[in-house]
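**Student:** Predicted model and sequence follow; I will ask about them next.
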Amino acid sequence: MVAPQVSSVLSRLQGRPDIVTDWASGGAYEHLDFNVGGAAAMPLLHEAWFRRAVAHAIDRQAIVTAVFGSIDPEITPLQSLLYLPPQWQYQPHFAAYGHDLAKATALMTSHGCAEGGDGSTRAAASGLRSRSRTRPGTRADRRSSSG
């Protein structure tokens with residue numbers, strides 16, 4: 001990851017009379033990996049239903065808008081890790097995991113997890129607790145914690 005984000009640097013420069021800015025969109029691959037192997041792996045990560053619930057809990061559009069939206073307000077997440085939309089091999093595989101907190105919660109509760117009054121969901125057997133929340137004025141803050 002680039003820090004500070006290129007978009008935050010460029011957005012401060014855009015509009016200055018002494019600087020000309022230009023940009024072109026291109027592929028950027030930021031992704032989340034699930035470590036499902038080895039002794040250090042969290043047991044629930046072995047479960048496909050749990051990985052699907054996590055995928056539905058992440059608002060990918062809000063993340064790319066927060067990071068790159070100042071440069072390209074119409075930016076959307078890539079739906080493939082291997083190919084870009086103009087390539088003939090491109091298939092929007094990740095589109096199946098759109099942001100849907102109700103679906104994430106339903107997956108969790110259908111597998112014995114309990115909803116907490118604070119917006120969290122707890123899997124009693126593993127001690128895992130996940131929470132999805134939003135900071136006022138944004139849609140980009142999604143967090144998970146163990147406890």
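**Tutor:** Structure received. Numbering: from 1, shown residues only.
**Student:** shaky segments in this protein?
**Tutor:** 1-11, 21-29, 39-40, 116-147 (pLDDT under 70).
**Student:** And the strands in it?
**Tutor:** 114-115, 120-123, 128-131, 144-146 (DSSP state E).
**Student:** Which elements pack onto the first one?
**Tutor:** Using 3 or more Cβ pairs under 8 Å, 6 or more residues apart in numbering; DSSP states H and E as the contact criterion, the neighbours of strand 114-115 among helices and strands are helix 101-110, strand 120-123. Placement of C-beta: from N, CA and C, glycine included.
**Student:** Redo these as a markdown table? Include distance to Trp88 and mean neighbour count.
**Tutor:** What follows is the helices and strands packed on strand 114-115, written out as a markdown table (distance: least, Cβ to Cβ, whole Å; neighbours: other Cβ atoms under 10 Å):
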| stretch | distance to Trp88 | mean neighbour count |
| --- | --- | --- |
| helix 101-110 | 31 | 16 |
| strand 120-123 | 40 | 18 |
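**Student:** Those: which one's closest to Phe68?
**Tutor:** helix 101-110 (23.1 Å; Cβ to Cβ).
**Student:** Please name every helix or strand in contact with the closest one.
**Tutor:** Counting by 3+ Cβ pairs under 8 Å, 6+ apart, helix 101-110 packs on helix 48-57, strand 114-115, strand 120-123.
**Student:** give me that answer again for 7 Å
**Tutor:** helix 48-57 (3 or more Cβ pairs under 7 Å, 6 or more residues apart in numbering; DSSP states H and E).
**Student:** how about the helix it packs on: buried residues?
**Tutor:** Buried residues in helix 48-57, counting neighbours by 16 or more other Cβ atoms under 10 Å, are found at Phe50, Arg51, Ala53, Val54, Ala55, His56, Ala57.
**Student:** now stretch 35-47
**Tutor:** For stretch 35-47, by 16+ other Cβ under 10 Å, it's Leu44, Leu45, Glu47.
**Student:** between these, which is nearest Ile71?
**Tutor:** Leu45 (33.8 Å).
**Student:** unless I'm mixing things up, the closest one is touching Gly37, no?
**Tutor:** No. Contact between Leu45 and Gly37 fails when scored by Cβ atoms under 7 Å: they sit 9.2 Å apart.
**Student:** hmm, back to that, okay if I get the helices and strands packed on strand 114-115 as JSON lines plus distance to Ser70?
**Tutor:** Output for the helices and strands packed on strand 114-115, formatted as JSON lines (distance: least, Cβ to Cβ, whole Å):
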{"stretch": "helix 101-110", "distance to Ser70": "26"}
{"stretch": "strand 120-123", "distance to Ser70": "32"}
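**Student:** Having no further points to raise, I will conclude here.
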